Each structure stands twice: as C-alpha cells, then as structure tokens.
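Q: got a predicted model here, sequence first, then my questions.
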Amino acid sequence: MKFVLIFGPQAVGKMTVGYELEKVTDLKLFHNHMTIELVNPFFEYGTKEGNRLVKLFRQEIFEGVSKSNLYGLIFTYVWAFDLKADWDYVQEICQLFESKGGMVYFVELEADLEERIDRNKSPYRLQNKPTKRNIEESETDLRRTMENYRLNSVAGEIKKEHYIKINNTNMSAEKVAAIIKDRFNL
C-alpha cells in the first residue's frame, strides 16, 4: 500500500496534480474537497458539525483503503505548518497506513501567489469544487488563509525519507506528476 500526501496552499494544483498522477499510476485520488463538497449542503465546512463529518468520512475511507488490496491512495491537504493540530492530523493519517505496512510519500507543492489566483478560477477547479465557485469569496479566503497561516514548509522542517518539494508555478500538472512518479518509483 502506498499513501501519497500532496499538500500545499489553496489553488496550488494539488487536485490537478493528483488527477494526473492517478492517470499514470495505479493510485486512486481522494482529494480533500470530495468530503467537503459531500457535507457542505448540510453543514458548512468550518462549522463544528461540518468539520466533524468531514473528518469522520475521511477517516472511514482511510481505514477502508489501508486494509484493502488497492495499490495506493493520493490524498490532498492544505497543511497549516504553524498549527499543531495539523501536524497531529498528518501524523495520525500516516501512522494508520504505516501500521498496515504501507509506505508514505510526502509531496509539497508551492507556486507564486498570482499563479494561484489564476488557478483559483480554472474550469477544472470550479467543476470539482462547487464551494469555490464564488470567485470573489474564494480569492478572499485564499488571501486570508495565506496571511493567517504558513502553508509551505521551511527548509529542513520535513524530515521524511520520501519527501519532495516542487515549485510548480511554471510547470504543467502532467510534468509534476511525472516527476513524482519517477522520484518515488510509483
């Protein structure tokens, strides 16, 4: 079992890269908005009940996949490096897969703010993430989150054997997926 965690700030391209990586490997993509969009018609993400349900659905999928004979899973996540709760959550997920003999791979994406603002409006993103369709609100959230949290690691902060950081500002998702596949022999 392989667990590929793709993380970085909003609109950096996590889902798109994950989709391309899924196409060239036997990994299955589970992007973070799959659960957010499922719960949102009932409870907005960020509310107590919305957060609880999103976490519950994710946990059940992680549990099921970790016990399965699937080749592996790609999960996307916005990791706030200055929040202990986010570090704990990442550790919890990774331990689940590792406890079942799985290998964990860390892929960090970073891109310039202007590129992320452009990507925030992309048809593919808006098709798969209905909660992002109010562009003005989504961009405001992107900027606010960036101001309030540190969404990329600093050099040496992630001490994992299977880790890569890619600045994909001027790179296609296909190219990034090829780099990840080759680097980790997926």
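A: Nice, I can see it. Numbering: from 1, shown residues only.

Q: use CA for all of it now, contacts and neighbours both
A: Fine.

Q: which residue of the protein lies farthest from its centroid?
A: Phe42 (22.9 Å; Cα atoms, centre = their mean).

Q: helix, strand or coil for the closest residue to that one other than its chain neighbours?
A: Nearest residue to Phe42, sequence neighbours excluded (Cα to Cα, 6 or more residues apart in numbering): Gly50, at 7.9 Å. Secondary structure assignment for Gly50 (DSSP: H, G, I helix; E, B strand; the rest coil): helix.

Q: and His31, how many neighbours?
A: 21 (other Cα atoms under 10 Å).

Q: what comes up buried for the helix or strand of the chain with the lowest mean pLDDT?
A: In the chain, the helix or strand scored least confidently by mean pLDDT, DSSP states H and E is helix 123-128, which has a mean of 86. Neighbour counts over helix 123-128 (16 or more other Cα atoms under 10 Å) mark Arg125, Leu126 as buried.

Q: which SSE is the residue nearest the centre of the chain in?
A: Nearest to the mean C-alpha position of the chain, by Cα atoms, centre = their mean, lies Thr76 at 1.5 Å. In this assignment (DSSP states H and E), Thr76 forms part of strand 72-77.

Q: on that earlier part again, was I right about the residue nearest to the centre of the chain contacting Lys14?
A: Yes. Counting by Cα atoms under 8 Å, Thr76 touches Lys14, with 5.9 Å between them.

Q: measure the residue nearest to Gly101 when sequence neighbours are not counted to Phe7 for me?
A: Once flanking residues are discounted, Gly101 sits nearest to Met1: 7.1 Å by Cα to Cα, 6+ apart. With distances taken as Cα to Cα, to the nearest Å, Met1 is found 19 Å from Phe7.
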